[in-house]
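Undergrad: structure of the sequence below:
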Amino acid sequence: TITANTRTPTRKGFGTPMLMGYHTRNVDLVRTYTSLTGLAADGFSKTDANGAAIYRMAEILLSQSPRPESFKVARLTAAHTARKTMTVTSATEGQHIKATFILPDGTEATVDRTIPAASNTTAEATAVAALIDALAGVAAVSALAVITVTSSTPGQMWWAREYTNLAVKDTTANPGYVTDLDALVLVDDDWYFLTLDVNSETIMDLVSAWTEAKVKYFLTQTQDTGELDGTGTFFQGPKDLGADRTVGIYAPREDQYPAVAWTGVVAPKDPGSITWRFKELKGVTPVTLTATQETFITADNGNFYSRVGGLGITLPGVAASGEFPDIIHGIDWLGARLQERILGILANADKIPYEDASVDMFVAEIKAVLEIGVQRKFLRAGTITASGPKVADVEEADRVARILPDLVFGAELSGAVHKAELAGTLAV
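TA: Numbering: from 1, shown residues only. Predicted coordinates for the structure are as follows:
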């Protein structure tokens, strides 16, 4: 008789994206998909207001190459009311106040007002608000120079881009993302990357704090124009929190969901094996920024997607804390795999005797995981160490309690090259 001792703990996935947003296409808190066809079968589309954001997110996720094999959709149970403030910044005669809207049904409309003589920002805000309010699916009101634009129907999304003489900030209130995330992990905790349909500063701050206490990673985005002139606070919040598990990117085309595209690039790769800098985001339009604007973004550990040398690349590729995301991703993977290996030993034996040979067995498993980290270019070759105690040196209280202490390992991170400095001499 041959018996296979193959009991293994469930392996936690570190490449599974979770797209979270409001829809009523089904009643499940979470569903798994592998294609847009699957989403369409459940009724999702870009031109139907019920879940259009989810479809856009999935579309950009699956546009990357290579792309994740599957993804999950979490249903926000309470409808949000997408809201932005647009502050008129000029009343100069002959200039334009302009923005292009993507409405809940997927159609586009451009509002373009030429400023008349002897006007002021309050009068212009009133006039532009009336033009926006005439669009289907959104409502607009003004107070002084500030226009507030909201969804006409809660739960329906709209986007805007290409602003002229308008300062923009997403002010959508939180309908309960964290509450639903708490419920979600009780139903399905086998996912790692989190992105949202709405990324107002209020919502982002709450979700960033939630993620920091989990073994998850949150990618978020903002269109807030204050991030370009130093008056914005979107990136500052998670930076002040020291958030290792939040990555934010400036997104003038928020309808293209660059945070989701970035997820699609890094998720298929082995944890710790890929730097998040220099990545191409397919389907995302690179932004042209001045050096000053770049500095305002990066000073708060924000990121952007720009064209350098003809290539679209993500820069600088850091988390809100300033840490490099591949390090956190790799550490999360390493910790989980070590726990799984140790649990596998304990679960597959009738009994692990408290003796030196058993300690050696645990040390060997630790080294095996570390070697995988070396193969993935997360850990540096030749730096791995792992050891355990001699049984004779273990405290009696630990032996009585059947605890094996002092299993210790070490290794150096492989790191990555982000800059190269050249020096040379030319002679005749």
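
Undergrad: alpha carbons only for contacts and neighbour counts from here, please
TA: OK.

Undergrad: strands of the stretch 301-428 of the chain, start to end?
TA: Ranges of strands in the stretch 301-428 of the chain, per DSSP state E, counting those that start in this stretch, are 304-308, 311-315, 385-387, 408-410.

Undergrad: indicate which one of those is closest to Trp333.
TA: Closest to Trp333 of these, according to CA to CA: strand 408-410, at 15.3 Å.

Undergrad: now the strands of the stretch 301-428 of the chain in JSON lines, with mean pLDDT?
TA: Converted to JSON lines, those look like this (pLDDT from 0 to 100):
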{"stretch": "strand 304-308", "mean pLDDT": "96"}
{"stretch": "strand 311-315", "mean pLDDT": "96"}
{"stretch": "strand 385-387", "mean pLDDT": "94"}
{"stretch": "strand 408-410", "mean pLDDT": "94"}
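
Undergrad: which one is Gln236 nearest to, not counting chain neighbours?
TA: Distance criterion CA to CA, 6 or more residues apart in numbering; nearest residue to Gln236, sequence neighbours excluded, is Asp300 at 5.3 Å.

Undergrad: could you report the pLDDT at that neighbour?
TA: In this model, Asp300 is scored at 97, pLDDT.

Undergrad: how about it, phi and psi?
TA: As for Asp300, its main-chain torsions (degrees, to the nearest 10) stand at phi -100, psi 20.

Undergrad: is it true that it touches Leu241?
TA: No. If you go by CA atoms under 8 Å, Asp300 and Leu241 don't touch, sitting 11.5 Å apart.

Undergrad: neighbour-wise, which of those two wins?
TA: Neighbours were counted for Asp300 and for Leu241 using other CA atoms under 10 Å; Asp300 has more, 24 against 14.

Undergrad: OK, contacts around that one?
TA: Phe235, Gln236, Lys239, Ala320 (CA atoms under 8 Å, 6 or more residues apart in numbering).

Undergrad: Asp112 and Lys98, how far apart?
TA: Note on Asp112: its distance to Lys98, by CA to CA, to the nearest Å, is 4 Å.

Undergrad: actually Glu280, sorry about that
TA: 29 Å.

Undergrad: now Phe304
TA: Relative to Lys98, and taking CA to CA, Phe304 is found at 23 Å.

Undergrad: who's more crowded, these two?
TA: Phe304 (24 against 18).

Undergrad: specify the beta-bridge partners of that one.
TA: Under the criterion DSSP bridges, Phe304 forms beta bridges with Leu315.

Undergrad: report the buried residues of stretch 231-245.
TA: Neighbour counts over stretch 231-245 (16 or more other CA atoms under 10 Å) mark Gly232, Phe234, Phe235, Gln236, Gly237, Pro238, Lys239, Gly242, Ala243, Asp244, Arg245 as buried.

Undergrad: residue nearest the centroid of the protein?
TA: In the chain, the residue lying closest to the centroid (CA atoms, centre = their mean) is Leu219, at 1.2 Å.

Undergrad: that one belongs to a strand?
TA: Yes. Under DSSP: H, G, I helix; E, B strand; the rest coil, Leu219 falls within a strand.

Undergrad: hmm, Tyr257 and it touching each other?
TA: No. Applying CA under 8 Å, one finds Leu219 not in contact with Tyr257, separated by 10.2 Å.

Undergrad: so where's the stretch 1-150 of the chain uncertain?
TA: Residue ranges of the stretch 1-150 of the chain with pLDDT under 70: 1-13.

Undergrad: for Val198, see how far away the closest residue to Ala79 other than its chain neighbours is.
TA: Closest residue to Ala79 apart from its sequence neighbours, by CA to CA, 6+ apart: Gly155 at 4.4 Å. From Gly155 across to Val198, the span is 10 Å (CA to CA).

Undergrad: pick out whichever of those two has more residues nearby.
TA: The neighbour comparison of Gly155 against Val198 (other CA under 10 Å) goes to Val198, with 25 against 22.

Undergrad: that one reaches Gly21, doesn't it?
TA: Yes. Using CA under 8 Å, Val198 makes contact with Gly21 at a distance of 7.4 Å.

Undergrad: gap between stretch 130-137 and the chain center?
TA: 32 Å (CA atoms, centre = their mean, to the nearest Å).

Undergrad: return the set of buried residues in it.
TA: By 16+ other CA under 10 Å, the buried positions in stretch 130-137 come out as Ala130, Leu131, Ile132, Asp133, Leu135, Gly137.

Undergrad: mind putting those in CSV, distance to Gly373 and secondary structure included?
TA: As requested, these are exported to CSV (distance: CA to CA, whole Å; DSSP: H, G, I helix; E, B strand; the rest coil):
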residue, distance to Gly373, secondary structure
Ala130, 59, helix
Leu131, 57, helix
Ile132, 54, helix
Asp133, 56, helix
Leu135, 54, coil
Gly137, 51, coil
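
Undergrad: quick check, nearest of those residues to Gly94?
TA: Using CA to CA, the buried residues of stretch 130-137 come closest to Gly94 at Leu131, 17.8 Å.

Undergrad: show me what contacts the closest one?
TA: With CA under 8 Å, 6+ apart, Leu131 has these contacts: Val111.

Undergrad: tell me how far it lies from Trp333.
TA: 51 Å.

Undergrad: element containing the residue nearest to Val128 when sequence neighbours are not counted, please.
TA: Closest residue to Val128 apart from its sequence neighbours, by CA to CA, 6+ apart: Arg113 at 6.9 Å. Counting by DSSP states H and E, the secondary-structure element that holds Arg113 is strand 108-114.

Undergrad: go on, Ile147?
TA: Assigned by DSSP H and E, Ile147 falls in strand 146-151.

Undergrad: tell me the residue furthest from the middle of this structure?
TA: Computed with CA atoms, centre = their mean, the most peripheral residue in the chain is Val428, at 52.8 Å.

Undergrad: show me what contacts it?
TA: Counting by CA under 8 Å, 6+ apart, Val428 has no contacts.

Undergrad: coming back round to it: for the buried residues of stretch 231-245, which one is nearest Ala213?
TA: Distances from Ala213 to these, taken by CA to CA, are shortest for Arg245, at 9.0 Å.

Undergrad: the closest one contacts Thr220, doesn't it?
TA: No. Using CA under 8 Å, Arg245 is not in contact with Thr220; the gap is 10.7 Å.
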